[in-house]
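**Student:** Turn this into a model:
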Amino acid sequence: MTAISDCFETLGQNGECALIPFITAGDPDLETTAKALQILDQSGADIIELGIPYSDPLADGPVIQAAATRALQRGTKLEQVLEMLRGITPKLRSPIILFIYYNPILHRGIDKFLSSIAEAGVAGLVVPDLPLEEAAGLLEPAKKMGIDVILLVAPTSDAQRIEAIARSSRGFIYLVSVTGVTGVRSQLENHVSDLLKQIRSVTDKPIGVGFGISEAAQARQVKDWGADAVIVGSAFVKRLAEGSPEQGLNAIAQFCQSLKVAIKTTNTSTNTPLD
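**Tutor:** Numbers count the residues shown, from 1 in each chain. Below is the predicted model of the structure:
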């Protein structure tokens with residue numbers, strides 16, 4: 001059993017939904033990233049998604065694109081991120097998932113890349129520009145390394161494709177809640193509930209919902225619709241980037257705690273919407 005599946009099994013036994021925050025590595029700097037990972041781990045995160053900054057982020061909205069640009073301008077490289085993770089992951093309860101585009105993986109070679117991230121303590125991968133038809137070359141070696149490759153289901157995916165993705169995805173299935181890129185949205189689409197039911201009809205694997213969740217009430221709604229995990233990205237990245245690093249770290253700690261409370265209880269009074 002992988003670290004991610006073990007996490008979901010434990011939560012499932014308690015009837016709990018996983019909270020998966022996302023931050024961008026190197027924004028504002030890797031020292032702050034390391035602190036943020038520990039703070040999120042201590043503030044209610046069950047799994048943490050760490051974005052590797054990339055110059056052509058097709059799936060990322062303006063907030064995460066801007067964070068990636070700042071990180072790249074500071075010279076953040078994958079090797080530096082993995083070096084940081086080697087020192088941090090032994091201290092974390094939460095498994096780490098890398099959100100990374102496929103070109104850096106190909107550039108290093110799949111086996112070398114997987115070996116290096118496994119050594120750094122990474123538990124899973126989300127590769128948003130890797131289509132199912134071309135995923136086998138990564139899925140099989142990753143499985144041998146004990147690394148879960150989490151595949152994405154889009155709102156436009158048909159029934160046949162959903163079933164194929166559900167069959168191949170490991171760790172959990174990542175349901176994209178909107179057509180488009182990541183980003184803060186004022187409300188979620190009701191079709192997410194129908195998509196969750198459709199995916200649930202073909203698999204018993206956990207399902208995480210991401211893209212567009214920006215406040216506690218939305219996280220609670222996704223949980224009530226039947227999601228096994230709530231994935232929140234831009235809202236964390238935005239908070240971490242505002243003010244000094246210390247202010248950003250305090251902001252993501254409070255936000256993480258409010259989201260965790262919201263998906264554990266029926267009380268959404270902890271809602272902290274973005275302006």
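**Student:** Return the backbone torsion pair for the spatially most central residue of the chain.
**Tutor:** Centroid check for the chain by CA atoms, centre = their mean gives Glu49 as the closest residue, at 3.7 Å. Dihedral pair for Glu49: phi -100, psi 130, per degrees, to the nearest 10.
**Student:** which residues does it contact?
**Tutor:** Contacts here follow CB atoms under 8 Å, 6 or more residues apart in numbering; on that basis Glu49 touches Ile20, Pro21, Phe22, Ile23, Ile96, Ile97, Leu98, Phe99, Val126, Ile231, Gly233. For the C-beta atoms, the positions are set from N, CA and C on the backbone; glycine is no exception.
**Student:** and what of Pro28?
**Tutor:** If you count contacts by CB under 8 Å, 6+ apart, then Pro28 has Arg70, Arg74, Leu240, Ala241, Pro245, Gly248 around it.
**Student:** Over to it. Which of the three states is it?
**Tutor:** In three-state terms, and counting by DSSP: H, G, I helix; E, B strand; the rest coil, Pro28 is coil.
**Student:** My assumption is that Leu85 lies in a strand; please confirm.
**Tutor:** No. Counting by three-state DSSP, Leu85 falls outside a strand, being helix.
**Student:** residue ranges of the strands in this protein, please?
**Tutor:** Applying DSSP state E to the chain gives strands spanning 18-24, 48-51, 96-99, 122-126, 148-150, 152-153, 173-176, 207-210, 229-232.
**Student:** Ala164: which of those strands is closest?
**Tutor:** Evaluated over the strands of the chain, closeness to Ala164 peaks at strand 152-153, with 10.1 Å, by CB to CB.
**Student:** what distance separates the closest one from the centre of its chain?
**Tutor:** Centre-to-centre, strand 152-153 and its host chain are 12 Å apart (CA atoms, centre = their mean, to the nearest Å).
**Student:** So for that strand, mean pLDDT?
**Tutor:** In this model, strand 152-153 carries a mean pLDDT of 94.
**Student:** related to what we said a few turns ago, turn the strands of the chain into JSON lines, columns for distance to Leu259.
**Tutor:** As requested, these are arranged in JSON lines below (distance: least, CB to CB, whole Å):
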{"stretch": "strand 18-24", "distance to Leu259": "6"}
{"stretch": "strand 48-51", "distance to Leu259": "13"}
{"stretch": "strand 96-99", "distance to Leu259": "17"}
{"stretch": "strand 122-126", "distance to Leu259": "19"}
{"stretch": "strand 148-150", "distance to Leu259": "20"}
{"stretch": "strand 152-153", "distance to Leu259": "21"}
{"stretch": "strand 173-176", "distance to Leu259": "18"}
{"stretch": "strand 207-210", "distance to Leu259": "13"}
{"stretch": "strand 229-232", "distance to Leu259": "6"}
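**Student:** and of those strands, who's closest to Asp194?
**Tutor:** strand 173-176 (11.0 Å).
**Student:** list the helices and strands the closest one packs on?
**Tutor:** With contacts defined as 3 or more CB pairs under 8 Å, 6 or more residues apart in numbering; DSSP states H and E, the packing partners of strand 173-176 are strand 152-153, helix 191-200, strand 207-210.
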